[in-house]
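Participant: any chance you could fold what I've pasted below:
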Amino acid sequence: MNLHQIVRGAITTVNPDVPGVLKVNSGFTTAPGGKRLQSYTDVDVIVQMQSLSSTDLKQVDAINVQGILQSAYLNGNFNGINRPEQQGGDMLIVDGKTWLVVKVAELYPDWCHLIVNLQRSP
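Facilitator: Numbers count the residues shown, from 1 in each chain. Okay, the predicted model is just below:
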């Protein structure tokens, strides 16, 4: 049962969902000169961006991440960082801003809560 979907209607009346693109890291390719280039698979998502809760702040403090941080709630099951599967480096693009997934705060079969860090624009 997707409890997040049940309460999402009430949440979006206060803080609307926004469209975004999750760039899921799919490994790398090697350029002719031998340089490794990251490759991504783009997934269109609907995102609920929120400020970090006090619990989120404690989790982020434990991994020593600094910068502008937000919580992102997404329908779907995205890992962000999964060392045993050698996955990580996923990026979330919302309103033209690039956010790096630095922690998966909650992971369920139907939705996930990611902690994201704002990145510099290239």
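Participant: what does the longest strand anywhere in the chain contact?
Facilitator: Criterion DSSP state E: the longest strand present in the chain is strand 36-50. Residues from elsewhere that reach strand 36-50, judged by CB atoms under 8 Å, 6 or more residues apart in numbering: 8, 11-12, 15, 17-31, 70-76, 78, 89, 91-92, 94. All C-beta atoms are positioned from the backbone trio N, CA, C, and that covers glycine.
Participant: same deal with stretch 114-122?
Facilitator: Residues contacting stretch 114-122 (CB under 8 Å, 6+ apart): 52, 56, 59-60, 65, 67-74, 78, 80, 91-92, 97-105.
Participant: make it 6 Å
Facilitator: Identification of contacts with stretch 114-122 by CB atoms under 6 Å, 6 or more residues apart in numbering yields 56, 60, 65, 67-70, 72, 80, 92, 98-105.
Participant: could I have the buried ones of these as ChimeraX selection syntax?
Facilitator: Buried members of the contacts of stretch 114-122, defined by 16 or more other CB atoms under 10 Å, are picked up in ChimeraX with:
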select :56,60,69,70,72,80,92,98,99,100,101,102,103,104,105
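Participant: buried subset of the contacts of strand 36-50 as a ChimeraX selection?
Facilitator: Entered in ChimeraX, the line below selects the buried ones among the contacts of strand 36-50, by 16+ other CB under 10 Å:
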select :8,17,20,21,22,23,24,25,70,71,72,73,74,75,78,91,92,94
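Participant: narrow the contacts of strand 36-50 to those in helices?
Facilitator: If you go by DSSP state H, those have 8, 11, 12 in helices.
Participant: the residue lying closest to the last one once chain neighbours are set aside and residue 14, how far apart?
Facilitator: Distance criterion CB to CB, 6 or more residues apart in numbering; nearest residue to residue 12, sequence neighbours excluded, is residue 48 at 7.2 Å. When CB to CB, to the nearest Å is applied, the distance between residue 48 and residue 14 equals 10 Å.
Participant: paired strands for the helix or strand containing residue 117, with orientation please.
Facilitator: Using DSSP states H and E, residue 117 falls within strand 111-118. Strand 111-118 has the following sheet partners, assigned by DSSP bridges: strand 69-75 (antiparallel), strand 97-107 (antiparallel).
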